[in-house]
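Engineer: Quick one: sequence and predicted model below, then my questions.
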Amino acid sequence: MPEAGAILPALSGFAESVGVPGEFVYEADPAAIRANCLPELCRRHELSQLADSNGYLTGRRVAPSPWLKAFQVIASGKFDVAVVKRELAGLNSSTPILKQKGAGQDLIALRQKLNMKGTRELAVALYRVGKSLRYAVLDAVR
(Lines give C-alpha, C1' and ligand atoms only; values in the text may rest on other atoms or scores of the structure.)
Protein backbone atom coordinates (compact mmCIF):
# COMPACT_ATOMS: atom_id res chain seq x y z
CA MET A 1 0.00 0.00 0.00
CA PRO A 2 1.52 3.35 -1.01
CA GLU A 3 2.12 5.95 1.67
CA ALA A 4 -0.30 8.86 1.91
CA GLY A 5 0.65 11.52 -0.62
CA ALA A 6 2.67 9.18 -2.87
CA ILE A 7 2.46 10.41 -6.46
CA LEU A 8 2.75 8.33 -9.60
CA PRO A 9 2.29 10.13 -12.91
CA ALA A 10 0.16 8.64 -15.68
CA LEU A 11 1.68 8.10 -19.10
CA SER A 12 -0.21 7.61 -22.30
CA GLY A 13 0.36 4.47 -24.31
CA PHE A 14 0.91 0.90 -23.27
CA ALA A 15 3.85 -0.89 -21.77
CA GLU A 16 5.60 -3.61 -23.75
CA SER A 17 3.72 -6.89 -23.34
CA VAL A 18 5.34 -10.31 -22.97
CA GLY A 19 3.70 -13.74 -22.79
CA VAL A 20 6.25 -15.46 -20.54
CA PRO A 21 7.02 -14.07 -17.09
CA GLY A 22 10.52 -13.03 -16.11
CA GLU A 23 12.04 -13.94 -12.75
CA PHE A 24 9.56 -11.72 -10.93
CA VAL A 25 5.87 -10.92 -11.33
CA TYR A 26 4.36 -7.82 -9.80
CA GLU A 27 0.77 -7.13 -8.90
CA ALA A 28 0.09 -3.43 -9.36
CA ASP A 29 -1.88 -1.47 -6.80
CA PRO A 30 -5.50 -1.05 -8.01
CA ALA A 31 -5.16 2.75 -7.78
CA ALA A 32 -2.19 2.66 -10.18
CA ILE A 33 -4.19 0.51 -12.61
CA ARG A 34 -7.24 2.82 -12.49
CA ALA A 35 -5.03 5.88 -12.98
CA ASN A 36 -3.36 4.33 -16.07
CA CYS A 37 0.08 4.45 -14.45
CA LEU A 38 1.33 1.00 -15.50
CA PRO A 39 3.44 2.40 -18.37
CA GLU A 40 5.22 4.69 -15.88
CA LEU A 41 5.86 1.80 -13.48
CA CYS A 42 7.26 -0.23 -16.38
CA ARG A 43 9.50 2.63 -17.48
CA ARG A 44 10.81 3.33 -13.96
CA HIS A 45 11.57 -0.29 -13.12
CA GLU A 46 12.39 -1.83 -16.52
CA LEU A 47 9.28 -4.01 -16.46
CA SER A 48 6.88 -5.33 -19.07
CA GLN A 49 3.16 -5.96 -18.91
CA LEU A 50 2.46 -9.67 -18.52
CA ALA A 51 0.47 -10.70 -21.60
CA ASP A 52 -3.15 -9.52 -21.77
CA SER A 53 -3.46 -8.93 -18.03
CA ASN A 54 -4.24 -5.49 -16.71
CA GLY A 55 -2.23 -5.30 -13.55
CA TYR A 56 0.48 -7.97 -13.75
CA LEU A 57 3.93 -6.73 -14.65
CA THR A 58 7.10 -8.77 -14.98
CA GLY A 59 10.84 -8.27 -14.96
CA ARG A 60 14.25 -9.74 -14.22
CA ARG A 61 14.96 -8.15 -10.83
CA VAL A 62 13.22 -6.89 -7.71
CA ALA A 63 11.60 -3.50 -8.33
CA PRO A 64 11.08 -1.69 -5.01
CA SER A 65 7.91 0.37 -5.26
CA PRO A 66 5.00 1.04 -2.94
CA TRP A 67 2.78 0.59 -6.02
CA LEU A 68 3.88 -3.00 -6.68
CA LYS A 69 3.66 -6.28 -4.75
CA ALA A 70 6.54 -8.52 -5.80
CA PHE A 71 6.51 -12.29 -6.32
CA GLN A 72 9.33 -14.57 -7.43
CA VAL A 73 8.32 -16.90 -10.27
CA ILE A 74 8.87 -20.56 -9.42
CA ALA A 75 7.13 -22.14 -12.42
CA SER A 76 4.94 -21.09 -15.32
CA GLY A 77 3.28 -22.53 -18.38
CA LYS A 78 0.05 -23.31 -20.14
CA PHE A 79 -2.68 -23.84 -17.55
CA ASP A 80 -3.72 -27.41 -16.76
CA VAL A 81 -5.11 -28.19 -13.29
CA ALA A 82 -3.30 -31.54 -13.04
CA VAL A 83 0.05 -29.99 -14.01
CA VAL A 84 -0.35 -27.13 -11.54
CA LYS A 85 -1.38 -29.52 -8.76
CA ARG A 86 1.71 -31.71 -9.39
CA GLU A 87 3.91 -28.61 -9.42
CA LEU A 88 2.46 -27.41 -6.10
CA ALA A 89 2.78 -30.85 -4.50
CA GLY A 90 6.44 -31.01 -5.49
CA LEU A 91 6.95 -27.63 -3.79
CA ASN A 92 5.25 -28.75 -0.53
CA SER A 93 2.60 -26.07 -1.06
CA SER A 94 -0.44 -25.48 1.08
CA THR A 95 -3.62 -24.56 -0.79
CA PRO A 96 -2.36 -21.61 -2.86
CA ILE A 97 -3.61 -18.06 -2.93
CA LEU A 98 -5.30 -17.73 -6.33
CA LYS A 99 -5.04 -14.56 -8.40
CA GLN A 100 -6.29 -13.69 -11.86
CA LYS A 101 -6.32 -10.73 -14.20
CA GLY A 102 -8.68 -11.17 -17.12
CA ALA A 103 -8.64 -14.96 -16.91
CA GLY A 104 -12.36 -15.40 -16.19
CA GLN A 105 -11.94 -18.47 -13.97
CA ASP A 106 -14.09 -19.64 -11.05
CA LEU A 107 -11.51 -19.30 -8.28
CA ILE A 108 -13.70 -20.97 -5.66
CA ALA A 109 -13.99 -24.15 -7.75
CA LEU A 110 -10.29 -24.01 -8.63
CA ARG A 111 -9.33 -23.60 -4.96
CA GLN A 112 -11.24 -26.82 -4.18
CA LYS A 113 -9.35 -28.65 -6.94
CA LEU A 114 -6.01 -27.32 -5.67
CA ASN A 115 -6.62 -28.25 -2.03
CA MET A 116 -3.05 -29.02 -0.94
CA LYS A 117 -1.69 -30.35 2.37
CA GLY A 118 1.81 -28.87 2.36
CA THR A 119 3.25 -26.11 4.53
CA ARG A 120 4.69 -23.63 2.01
CA GLU A 121 2.55 -20.56 1.23
CA LEU A 122 2.52 -19.93 -2.53
CA ALA A 123 0.28 -18.15 -5.00
CA VAL A 124 -0.93 -19.10 -8.47
CA ALA A 125 -1.61 -16.27 -10.91
CA LEU A 126 -3.77 -16.90 -13.97
CA TYR A 127 -3.64 -14.72 -17.06
CA ARG A 128 -4.40 -14.88 -20.77
CA VAL A 129 -2.06 -14.81 -23.74
CA GLY A 130 -4.55 -14.38 -26.56
CA LYS A 131 -6.99 -17.27 -26.12
CA SER A 132 -4.52 -19.38 -24.14
CA LEU A 133 -4.85 -19.55 -20.35
CA ARG A 134 -1.46 -19.46 -18.61
CA TYR A 135 -0.31 -19.76 -15.00
CA ALA A 136 2.61 -18.76 -12.83
CA VAL A 137 3.41 -20.30 -9.43
CA LEU A 138 4.63 -17.44 -7.25
CA ASP A 139 6.40 -16.97 -3.93
CA ALA A 140 5.87 -13.56 -2.28
CA VAL A 141 9.00 -11.46 -1.90
CA ARG A 142 9.15 -10.31 1.69
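Structural biologist: Thanks, I have the structure now.
Engineer: how far is the helix or strand bottoming out on mean pLDDT in the chain from where the chain is centred?
Structural biologist: Ranking every helix and strand in the chain by mean pLDDT, DSSP states H and E puts strand 17-18 at the bottom, with a mean of 83. From the chain centre to the centre of strand 17-18 is a distance of 13 Å (C-alpha atoms, centre = their mean, to the nearest Å).
Engineer: And the next helix or strand past it?
Structural biologist: strand 24-28 (DSSP states H and E).
Engineer: Give the other helices and strands that that following strand contacts.
Structural biologist: With contacts taken as 3 or more C-beta pairs under 8 Å, 6 or more residues apart in numbering; DSSP states H and E, strand 24-28 sits against helix 38-45, strand 56-59, strand 68-78. Any C-beta I mention is one placed from the backbone N, CA and C, and that applies to glycine too.
Engineer: For the closest residue to Leu50 other than its chain neighbours, list each beta-bridge partner.
Structural biologist: Of all residues not flanking Leu50 in the chain, Tyr56 sits nearest, at 3.9 Å (C-beta to C-beta, 6 or more residues apart in numbering). According to DSSP bridges, the residues that bridge with Tyr56 are Glu27.
Engineer: quick revisit: from the helices and strands packed on strand 24-28, which stretch is densest packed?
Structural biologist: Across these, averaging neighbours per residue (mean count of other C-beta atoms under 10 Å) puts strand 56-59 on top, at a mean of 25.
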